[in-house]
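1. Build the 3D model from these lines:
(chains A and B)
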Amino acid sequence: MWSYTDKVLDHFHNPRNYGEMENPDATGEVGSMACGDALRLTLKIDKSNNKIIDAKFQTFGCGSAIASSSAMTEIIKGMTLDEAMKLTNAEISKFLGGLPPEKMHCSVMGKEALEAAIANYRGIKIEKEEEEGRLVCRCFGVTEDKIRKLALENNLHDVQDITNYTKAGGGCGACLQDIQDILNDVWKTKKAPVEAVSEKTPDKPKKLTTVQKVKLIEETLEKVIRPSLNQDGGDIDLVDIDGNKVYVKLRGMCSHCPSSSFTIKSFVETKLKEFVSNDIEVFPEEQTND
Amino acid sequence: MINKAIYVDNNATTPIAPEVYQEMIPYLTELYGNPSSIHTFGGQLASKIDEARQKIANLIGALPTEIVFTSCGTESDNAAIMGILSSNPSKKHIITTKVEHPAILNLCQTLEKNGYDVTYLSVDRKGYLNPDELQKAIRPDTAIVSVMYANNETGVIFPIEEIGKIVKSKGSMFHVDAVQAAGKIPINLSKSSIDLLSISGHKLHAPKGVGILYIRRGTMIRPFVIGGHQERGRRAGTENVASICALGKAAELACANITEENTRVKKMRDRLEKNILENIGYTFVNGGSESRLPNTTNISFEFIEGESILLLLDKFGICASSGSACTSGSLQPSHVLRAMGVPFTAAHGSIRFSLSRYNTEEQIDKIIEVLPGIIKKLRAISPYTPKK
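-> All right, here's what the predicted structure looks like:
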């Protein structure tokens, strides 16, 4: 059972502004029945001052999808289009007293329908695939641009957060590594907000002694990397450390996995860079023979 | 609220029968001894456990020595599969179905990662298995075939004996997850090719935390829980005396009530199902009706989503389940409905009503009374509802 706030339940049981609008000035549609939720938003706009004078929604979805739609229409009524464009999914969630983490995508859907409706009014055609970039999650049709945008807007660092906000990765799971890579890239090129850094990344001492570094590498392998590999039936051995070069051997299922070199570079190295030092490089054991 | 609840979610769990509760009380109060003790105070409880064992054996046509008490259906399933695999180390192939409970499905997926080869048999649109597919899939190195007796989501009953004959003709072991079937339909293991069978107490009006694994006499199986000599060394751990005696009582009651399940309960289920299909448009039943548990109906309501329906039913104290993504915590609808090829659109709007002998005609009336309004309300909000 989800723990919905009273406000969510109120907007679910007594949804505001639902139904069809005759001759709307703008229409925005997002989602699909196959995805499990969909929202059609219609707006009446005062052309003299670009203010939203009426908003109606039709939603297929769970309790929080209906509540988020209802809340969004309440928030935007009376706003100018420019003001409405600035509405974030976090504000929709806040209006409802918060949503369960797994349901954040409902608030994202509200914001996206609003964006689509405003674009529709302004005569901007959204060519899905081309405009929004490469498709990452095929199960739920989520693009790389959407993941990047939401990660930055909501300060999301974990793949699970991305799934909660966009559903990406929540189907077959084939794109989870792809999402991780996008997140790595987002937070590498863009400096994360200060509070997020202190919250998510453990203390990384400026200058490590060799002993400290070895200990930290071992600890990261033990506590972060190994549990994750174990889940897939794999394991990892630390073979040698030479300066900033770390040599490892993958075992179990990982050893004959066709993406083992990928695992080493994109997962093991990323984690060691995150927890130990940015100049760490990771190699499979064979290269120690050189 | 609790007393007023209209509980039609009996495939999730069942109310404890009042007689079962009464049966437990002495073992939770004055009779707290350990059945393994030499002194009479504790030792007398061993005979109580044997009585319970006999009652369960009666329910399924087994010998008392073939019954091993466990902590739940999931443990029974795990013990069966793992026990057979470890006593047949050279056999690395397992066959199961795509619609099993997670207790089997997730276990098999984990075993795949550990080097086992698993075949998942498919089902058709009605949820039925094709025994020919099993015939083709089974190999000399198939250690175990695990097929559920009846599906928890749709109630569809599989042709267990037909499957069993194929399995035994190839020399593999046959495990059946009968968690949903036990107590609802007659099971007679004395004339059966089933080697191992799992039952969970809380699905037949006993408390949570107790189950059994039936192990056919002569079956080579390694214990799953290792420790003391309890359950003749096949399942260690001090016996959960109160719950075991409760399960014994529940089995006795199930024997007495199995006709009622298939007459009065079935009649109520049929009335509910027929009424919904007749009075609410764009609805259909998931799962073939030719072979289905008497208490279960799984109905798709098109254009709307299951969690919304459940939340509105909850307002009237009506407790049911859905195969929608939103209720499961995952983002995809039920694996059972997907395996059956139910369109995602309809799977998201599926509701399972599962009855028991504690439901009344008045409760069915109430559901029939409020459901059309709930569906109408949500369809008024949905963008997909066809215009009249």
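
2. Count residues in the vicinity of B:Glu75, would you?
-> 21 (other C-beta atoms under 10 Å in any protein chain shown). (Glycine included, C-beta is placed from N, CA and C.)

3. Pull up the residues of chain B that are close to chain A.
-> B:110, B:113-114, B:303-308, B:311-312, B:315, B:324-327, B:329-333, B:343-345, B:348, B:380-384 (C-beta under 8 Å from any C-beta of the partner chain).

4. If you go by neighbour count, which of these are buried?
-> B:303-308, B:311-312, B:324-327, B:331-333, B:344-345, B:348, B:381-384 (16 or more other C-beta atoms under 10 Å in any protein chain shown).

5. Filter those residues down to the ones in helices?
-> Among those, the residues falling in helices (DSSP state H) are B:306-308, B:311-312, B:325-327, B:344-345, B:381.

6. What is the lowest-pLDDT residue among those?
-> Among these, B:Thr327 carries the lowest pLDDT, at 64.

7. check contacts around the residue of the stretch 51-200 of chain A found nearest chain B.
-> Proximity to chain B, evaluated over the stretch 51-200 of chain A using C-beta to the nearest C-beta, is greatest for A:Gly170 at 3.1 Å. Contact analysis of A:Gly170 by C-beta atoms under 8 Å, 6 or more residues apart in numbering or on different chains lists A:137, A:139-140, A:163, B:330-332.

8. Kindly report the same for B:Ser146.
-> Taking C-beta under 8 Å, 6+ apart, one finds B:77, B:80-81, B:94-96, B:100, B:104, B:108, B:175-177 in contact with B:Ser146.

9. List the buried residues for the helix or strand hosting A:Ala67?
-> Per DSSP states H and E: A:Ala67 is located in helix A:63-76. When neighbours are counted by 16+ other C-beta under 10 Å, the buried residues of helix A:63-76 are found to be A:63-73, A:75-76.

10. hmm, that helix touching chain B?
-> Yes. On the criterion C-beta under 8 Å from any C-beta, helix A:63-76 is in touch with chain B at A:63, A:65-66.

11. just the CA coordinates of the following helix or strand past that helix, formatted as CSV?
-> Sequence-wise, the next helix or strand downstream of helix A:63-76 (DSSP H and E) is helix A:81-85. Extracted C-alpha coordinates of helix A:81-85, given in CSV (Å, rounded to 0.1, in the frame of the first residue of the first chain):
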residue,chain,number,x,y,z
LEU,A,81,2.1,31.0,-20.3
ASP,A,82,5.6,32.2,-19.4
GLU,A,83,4.9,31.6,-15.7
ALA,A,84,3.4,28.2,-16.5
MET,A,85,6.5,27.2,-18.5
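
12. ok, now which ones touch B:Gln180?
-> Counting by C-beta under 8 Å, 6+ apart, B:Gln180 touches B:11, B:148-152, B:155, B:203, B:293, B:296.

13. try it again with 7 Å
-> B:11, B:149-152, B:203, B:293 (C-beta atoms under 7 Å, 6 or more residues apart in numbering or on different chains).
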